[in-house]
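Peer 1: Here is my input; please provide its structure:
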Amino acid sequence: MKKYLLIAVCFIGLTLTSSAQAGYGTELTGNLLIPLGKYAENYQPGFGALVGFYYDVAENFRLAFVTGYLHSGINESTINGNHTDDGSNWDVSGGVGAIPALLSLRLISPGQGMRLYGMVELGLYTYRSNITGSYTVEGQPDPVPVDESEYRFESGFAAGGGVLFPLNEELSVDANLRYHWINDSEYSDVSTTDGTELGSSKIFTIGVGVNWFFV
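Peer 2: Numbers count the residues shown, from 1 in each chain. Down below sits the predicted model:
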């Protein structure tokens, strides 16, 4: 672990010694959300928006804070209806939203024109679920209400990259991809060798938006 921390410190130190283009800015992207992982079939592709506030420490190194809102509705065609494995019949609707609050580290190709970048982001995701309805069990005539409306906080990270297409000195079109790995205390999907259960949600987002730079 100390070795990786030392490498990270050296990397940042080398970056800070490069020729600086001091400045800050903001970004806004619309996102297509694609659920991944064990329970992906229970959710539909979703949408959202992310906004970022960044500072260029050097010409090729950027620090940013990213937040926004991502939402995916449940796949009613998969969840609702008769389930022969347990003899139940479901009728629910709703979805799950996430509000990320992420610290973003980005390495950007220097120079003029189109610029490529890679990023790693760490932080918290605030979940808001709103799934309501009812289900019936074979042999029991009365429906059982379902109300999964709640907030909770989960840690997570994102990794990805993008391309900046400059329109002028201040404005660029930003196209990016992110893979989000989010801890999920609501279910378990991985069994470790010592018997510990780990839960996670996995999301892939495709974003297109604009990037404003202020010198």
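
Peer 1: Can you tell me which helices and strands the lengthiest strand in the chain packs against?
Peer 2: For the chain, the longest strand by residue count, based on DSSP state E, is strand 115-137. Packed against strand 115-137, as judged by 3 or more Cβ pairs under 8 Å, 6 or more residues apart in numbering; DSSP states H and E, are the following elements: strand 61-73, strand 88-108, strand 140-147, strand 150-166, strand 171-183. C-betas here are computed from N, CA, C, even on glycine.

Peer 1: what's the least confident stretch among those?
Peer 2: For the helices and strands packed on strand 115-137, the weakest mean pLDDT is recorded on strand 140-147, namely a mean of 81.

Peer 1: quick one, what contacts the residue nearest to the spatial centre of the chain?
Peer 2: Nearest to the mean C-alpha position of the chain, counting by Cα atoms, centre = their mean, stands residue 180 at 4.2 Å. For residue 180, the set of contacting residues under the criterion of Cβ atoms under 8 Å, 6 or more residues apart in numbering consists of 100, 125, 156-158, 201-205.

Peer 1: how far away is it from residue 214?
Peer 2: Distance check for residue 180 against residue 214: by Cβ to Cβ, to the nearest Å, it reads 28 Å.

Peer 1: before we move on, what about residue 27?
Peer 2: Using Cβ to Cβ, we find residue 27 at a distance of 12 Å from residue 214.

Peer 1: Between those two, which contacts overlap?
Peer 2: Shared contacts of residue 27 and residue 214, defined by Cβ under 8 Å, 6+ apart, are not found at any residue.

Peer 1: how far away is the residue lying closest to residue 86 once chain neighbours are set aside from residue 161?
Peer 2: Counting by Cβ to Cβ, 6 or more residues apart in numbering, residue 86 lies nearest to residue 137, which is 7.7 Å off, once chain neighbours are set aside. In this structure, residue 137 and residue 161 are separated by 48 Å, where distance is defined by Cβ to Cβ.

Peer 1: now do residue 145
Peer 2: Distance of residue 145 to residue 161, given as Cβ to Cβ: 45 Å.

Peer 1: Look at those two and report which has more neighbours.
Peer 2: Looking at residue 145 and residue 161 with other Cβ atoms under 10 Å, you find the greater number of neighbours at residue 161, namely 14 against 10.

Peer 1: Once you drop chain neighbours, what's closest to that one?
Peer 2: residue 118 (4.4 Å).

Peer 1: Now for that neighbour, how many residues are close by?
Peer 2: Around residue 118 there are 13 other residues, counting by other Cβ under 10 Å.

Peer 1: Which residues are in contact with it?
Peer 2: For residue 118, the contacting residues are 106-107, 160-161, by Cβ under 8 Å, 6+ apart.
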